[in-house]
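In: I'd like to go over a predicted model; first the sequence, then the structure.
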Amino acid sequence: MRIVIAGGTGFLGSTLDQELTRRGHTITVLTRRAPAAGQVQWTPNGTVGEWAKAIDGADAVVNLAGEPLDAGRWTAERKATIDLSRTHATRSLATAILQVSRRPAVFLSASAIGYYGPHDDQVLTEDAPAGTDFLATVCNQWEWEAQVVKQPTRVVLLRTGLVLDRAQGALPVMLPPFKLFAGGRMGSGTQYWSWIHIRDWLGIAIWALESEKAAGPVNLTAPHPVTNAEFARTLGRALHRPALFPAPAPILRLVLGEMADALLLGGQRVVPQQAQWGGYAFQYPRLEPALESLLH
C-alpha cells in the first residue's frame, strides 16, 4: 500500500511509519519541518497546497497531526493552539481527499478518549456520547472534520488512550519518582486510566487500515483499564519499588492548572468494543505483563 501519514514525525506517527515500512508499505510523511527523504512539507492551516499531490492516488491517509497536550500550561492561547492544530490539519486533509482525482480507500484520523469527558467507573464503549469539557469539545470537532469525506472513503476515528512505550510518551516521565522510591497514586487514585501497549496500538491501527470491518470510532485501549491507584501499584511492582507517596490533587492543580484534571485527575473507563468485535487479538490485554515487557 502507498500510505500518507500526517504527523509522521511525532511519537505515534514515527512508530507507525517504522512498522508499516518494515511490513513493505511505501510511506510518505507530511511534515511542517524542512522535509527529508520520503517527506513532503505542508502547512496544515485548513487549506490545500501543493502537498495534496502526495494524497492523489494514495491507498490510505493517516492523520496524527496535532500539538502535544502536555507541552505547556493551558492558557487561553495554548488551548486555541491545541484546538486549531487538530481541526485545521484535519480540514486540510479532508479537503485534499475530496479534491484529488483518485481518493484513498481509507482515512484514519486521530482522536482521543478525552471525547467522552471525565467519568467515574462507568464502562464506556464507542457508543457513549461526547462530554462537554474542553478536551471533549476539541475531540468532537476534530472527528466532525474527518467525517466529511466518508463515502466512498472509509473513515476510522482513532480514539487513543494512554499509550505505553519504553522510550516515548507518558511512561518514561512516570518512572523517575518511582525509581527514587517516591512514586504513588495521583489525587484520590480512584480515576480510571485507560491504557494500551504500543504494540497493540500499532496492531489496532494496522487492523483499521486493512479491515473493512473498521469504520467510525474505534477505541485504542486495552480491554482491562485500571484505576490510577492500581496503575501506580502495578508500576511499583514492575520496578520493585513501593507506591506509597501520593501526589495531592491540590498540588497538581496548582502546578498544572486545568491540565491536571483533564489528563491526570479525571478518568474514563474505556473498553475497545469495536476492535474486539472486529476480531483483533490483544498481545497485552492486562497491565502487569504490559509493563513487564516494556521495563524488562
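Out: Nice, thanks for sending it over.

In: Only C-alpha atoms from now on, for both contacts and neighbour counts.
Out: OK.

In: hang on, isn't residue 198 packed against residue 165?
Out: Yes: using CA atoms under 8 Å as the test, residue 198 is close enough to residue 165 to be in contact (5.5 Å).

In: quick one, what contacts residue 204?
Out: For residue 204, the set of contacting residues under the criterion of CA atoms under 8 Å, 6 or more residues apart in numbering consists of 220, 275, 280.

In: I meant to write residue 128 there.
Out: Residue 128 neighbours (CA under 8 Å, 6+ apart): residue 116.

In: Quick check, pLDDT for it.
Out: Among the per-residue scores, residue 128 holds a pLDDT of 98.

In: Regarding residue 196, what is its secondary structure?
Out: Here residue 196 is strand, with the state taken from DSSP: H, G, I helix; E, B strand; the rest coil.

In: any idea how far residue 221 is from it?
Out: In this structure, residue 196 and residue 221 are separated by 5 Å, where distance is defined by CA to CA, to the nearest Å.

In: now residue 253
Out: On the measure of CA to CA, residue 253 and residue 221 end up 26 Å apart.

In: What ranges does the stretch 151-296 of the chain have for its helices?
Out: Read by DSSP state H, counting those that start in this stretch, the stretch 151-296 of the chain holds these helices, from start to end of the chain: 171-179, 198-210, 228-239, 249-256, 258-260, 273-277, 287-295.

In: Give the other helices and strands that the fifth one contacts.
Out: Yep, that's helix 258-260 we're talking about. Under the contact criterion of 3 or more CA pairs under 8 Å, 6 or more residues apart in numbering; DSSP states H and E, the helices and strands touching helix 258-260 comprise helix 249-256.

In: Just the CA coordinates for the helix it packs on, please, in PDB.
Out: What follows is helix 249-256, C-alpha atoms only, in PDB (Å, rounded to 0.1, in the frame of the first residue of the first chain):
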ATOM      1  CA  ALA A 249      -4.700  16.900  43.800                       C
ATOM      2  CA  PRO A 250      -4.400  20.500  45.100                       C
ATOM      3  CA  ILE A 251      -0.700  20.500  44.300                       C
ATOM      4  CA  LEU A 252      -1.200  19.000  40.800                       C
ATOM      5  CA  ARG A 253      -3.800  21.700  40.100                       C
ATOM      6  CA  LEU A 254      -1.500  24.400  41.400                       C
ATOM      7  CA  VAL A 255       1.300  23.300  39.200                       C
ATOM      8  CA  LEU A 256      -0.500  22.300  36.100                       C
END
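
In: contacts for that helix?
Out: For helix 249-256, contacts defined as CA under 8 Å, 6+ apart pick out 73, 186, 187, 188, 259, 260, 261, 265.

In: which one of these is nearest residue 245?
Out: If you rank these by distance to residue 245 using CA to CA, residue 186 comes first, at 9.0 Å.

In: for the closest one, which residues make a bridge with it?
Out: residue 247 (DSSP bridges).

In: Settle this for me: it is touching residue 229, isn't it.
Out: Yes: with contact taken as CA under 8 Å, residue 186 and residue 229 are classed as touching, separated by 7.4 Å.

In: list the contacts for the residue most central in space within the chain?
Out: Central residue check for the chain by CA atoms, centre = their mean: the C-alpha nearest the mean position is that of residue 160, 3.6 Å away. Applying CA under 8 Å, 6+ apart to residue 160 gives the contacts 110, 111, 112, 113, 219, 220, 221.

In: Go again with 10 Å.
Out: For residue 160, the residues meeting the contact criterion (CA atoms under 10 Å, 6 or more residues apart in numbering) are 110-115, 194-196, 201, 218-221, 270.

In: returning to what we had before: mutual contacts of residue 186 and residue 229, please.
Out: Taking CA under 10 Å, 6+ apart as the contact criterion, the common neighbours of residue 186 and residue 229 are residue 246.

In: Not counting sequence-adjacent ones, nearest residue to residue 92?
Out: residue 46 (4.4 Å; CA to CA, 6 or more residues apart in numbering).

In: do residue 220 as well
Out: residue 160 (4.7 Å).

In: again, but for residue 13
Out: Of all residues not flanking residue 13 in the chain, residue 7 sits nearest, at 5.7 Å (CA to CA, 6+ apart).

In: number of nearby residues for that neighbour?
Out: 21 (other CA atoms under 10 Å).
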